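Visitor: Whatever this is, show me its structure:
(one chain, ligands or ions: 1)
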Amino acid sequence: MIEKLFTPLTIGTLTLPNRIVMAPLTRNRATPDGDVPNALNAEYYAQRATAGLIITEATQISPEGKGYIQTPGLYSPEQVAGWQKVTDAVHAAGGRIFAQLWHVGRVSHTSLQPNGQAPVAPSAITAATQVFTATGFADTSPPRALETSEVKRVVEDYRKAAENAKAAGFDGIELHAANGYLIDQFLRDSTNKRTDEYGGSIENRTRLLGEVLAVLTSVFPASRVGVRFSPFSNFGDISDSDPMATFAAAITKASDAGLGYLHMVEGQTGGTRELPPNADIGKLRKLFKGVYMANNGYDRDLAIRAVETGAADLIAFGSRYIANPDLVERLARNAPLNVPDKATFYGGGAEGYVDYPFLDAKAA
Ligand code: 8OZ
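Guide: Take a look at the predicted model:
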């Protein structure tokens, strides 16, 4: 019997040959001058083209959206040309790839910002977390609150990045609305203390999300747009007084926008799958009429079971995809997995990036 995890799934006009997704993974290996994707990045993604779907590492929509060194952007002609090499390589290898659009908001450092300016955020509240800069880990810098009139400019930056994603040959886009970055900062009430139409009520806190989804779905068909949330994660020093209510509203907006899939980090980002007592992922998932992509700590058994029972349609694997370019084949054959090396996750070159072995020694 072939398990459902290894069977195709169609989202709109896009057919995925299996339900195994390469999760978005920050690797800090873009070319530093201009944060441009390069040939090594293309090789890395092409090695993983047997995934049902690849979601790129988080990619800043604007210079201000950057919060770590050597993360790629999608706002300059050079970056579009660099991404075109990546999408061409993935397509030539038979794969499908979505760009993850990112604005870090307050999770940044003045040394990473244009003209050394303060990072922007819904409210001027500093994140108790660290980012990596040219000189190593650093505490995040105090942000300034965006003016109401500036929010429209941020929405336009998302539109331009979506247009650039299309020009670069991506099959679709995912909005990064998780892990304590800008959209998440607007959604949750620990970081959003605004008194304008973007703060206060849940309707107001989900307004930016709705406006961004509207522009993204004006550039790509809605079925080619996904969104990622992490409702119960505190990654990035963030929380909400009522995550079930906040994310019920956010997910309903995503569903009403007709998005292709909902991608959820279940539990703590990169950590435990444990949820707070009143959290109910199943209940949130039912509010979304499209495909449900689950992430966080899935192994082979958990993934097979989740798809078999209908708890999830797709499973996104993170660290397992770092270490196993042929993860689909390894899971299908129930073969042993390579172990990821944490020391080479962030930054560096080919080592720990394109040199993990395939099961069958083939030219990587
Ligand atoms: C790890 C290190 C830096 C960034 C996320 C984009 O968590 C990230 C990220 C993860 O979404």
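Visitor: Now the stretch 251-364 of the chain against the ligand: closest residue?
Guide: Closest to the ligand within the stretch 251-364 of the chain is T269: 5.6 Å, counting by Cβ to the nearest ligand atom. Using the backbone N, CA and C atoms, a C-beta is placed for each residue, glycine as well.
Visitor: wait, isn't that residue in contact with N296?
Guide: Yes: when contacts are counted by Cβ atoms under 8 Å, T269 is listed as touching N296 (7.3 Å).
Visitor: Now do the biggest helix by length in the chain: distance to the chain's middle.
Guide: Criterion DSSP state H: the longest helix present in the chain is helix 148-167. In terms of Cα atoms, centre = their mean, to the nearest Å, the centre of helix 148-167 is set 17 Å apart from its chain centre.
Visitor: Show me what that helix is packed against.
Guide: Helix 148-167 sits against helix 77-92, strand 97-102, strand 172-176, helix 207-219, with contacts defined as 3 or more Cβ pairs under 8 Å, 6 or more residues apart in numbering; DSSP states H and E.
Visitor: possible to save those as a markdown table with distance to the ligand, mean neighbour count and mean pLDDT?
Guide: Shown next, in a markdown table, are the helices and strands packed on helix 148-167 (distance: least, Cβ to the nearest ligand atom, whole Å; neighbours: other Cβ atoms under 10 Å; pLDDT from 0 to 100):
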| stretch | distance to the ligand | mean neighbour count | mean pLDDT |
| --- | --- | --- | --- |
| helix 77-92 | 17 | 19 | 99 |
| strand 97-102 | 6 | 28 | 99 |
| strand 172-176 | 6 | 27 | 99 |
| helix 207-219 | 16 | 20 | 99 |
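Visitor: Compare T269 and N296 (neighbour count), which wins?
Guide: N296 (21 against 18; other Cβ atoms under 10 Å).
Visitor: Name all residues that make contact with that one.
Guide: Each residue near N296 by Cβ atoms under 8 Å, 6 or more residues apart in numbering is listed here: V265, E266, G267, Q268, T269, G270, R273, G318.
Visitor: Going by neighbour count, which of the residues you listed comes out on top?
Guide: Among the contacts of N296, the one with the most neighbours (other Cβ under 10 Å) is V265, at 25 neighbours.
Visitor: For that residue, give me its contacts.
Guide: Residues near V265 by Cβ under 8 Å, 6+ apart: A178, N179, R228, F229, S230, S233, N295, N296.
Visitor: just the residues you listed that are near the ligand?
Guide: Filtering these for proximity to the ligand (criterion: Cβ under 6 Å from any ligand atom) leaves N179.
Visitor: Please name whichever of the contacts of N296 scores lowest on pLDDT.
Guide: Minimum pLDDT for the contacts of N296 is recorded at G270 (94).
Visitor: Tell me how far that one lies from T246.
Guide: G270 sits 22 Å away from T246, going by Cβ to Cβ, to the nearest Å.
Visitor: near the ligand, which residues of the protein show up?
Guide: Residues of the chain that fall close to the ligand, judged by Cβ under 6 Å from any ligand atom: T26, A58, Y68, N179, T269.
Visitor: Show the buried residues in those.
Guide: T26, A58, Y68, N179, T269 (16 or more other Cβ atoms under 10 Å).
Visitor: so what's Y261 up against?
Guide: Going by Cβ under 8 Å, 6+ apart, Y261 touches I11, G226, V227, G290, V291, Y292, M293, D313, L314.
Visitor: Would you point out the most distant pair within those?
Guide: V227 and D313 (14.7 Å; Cβ to Cβ).
Visitor: ok, the two, which is more surrounded?
Guide: The neighbour comparison of V227 against D313 (other Cβ under 10 Å) goes to V227, with 30 against 20.
Visitor: CA atoms of the helix or strand hosting that one as PDB?
Guide: Using DSSP states H and E, V227 sits within strand 225-229. Extracted C-alpha coordinates of strand 225-229, given in PDB (Å, rounded to 0.1, in the frame of the first residue of the first chain):
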ATOM      1  CA  VAL A 225      -0.700  32.400  -2.800                       C
ATOM      2  CA  GLY A 226      -0.300  30.800   0.700                       C
ATOM      3  CA  VAL A 227       0.100  32.200   4.100                       C
ATOM      4  CA  ARG A 228       2.100  31.100   7.100                       C
ATOM      5  CA  PHE A 229       1.000  31.700  10.700                       C
END
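Visitor: Sheet partners, orientation included, of that strand?
Guide: strand 172-176 (parallel), strand 261-265 (parallel) (DSSP bridges).
Visitor: so D196 touches L146, yeah?
Guide: No: contact criterion Cβ under 8 Å: D196 and L146 do not qualify, at 9.7 Å.
Visitor: Counting neighbours, go ahead and name the busier of these two.
Guide: L146 (23 against 15).
Visitor: Tell me the spacing between the nearest residue to that one once chain neighbours are set aside and A165.
Guide: Leaving aside its sequence neighbours, L146 sits nearest to V120 (Cβ to Cβ, 6 or more residues apart in numbering; 5.0 Å). When distance is defined by Cβ to Cβ, V120 is 22 Å away from A165.
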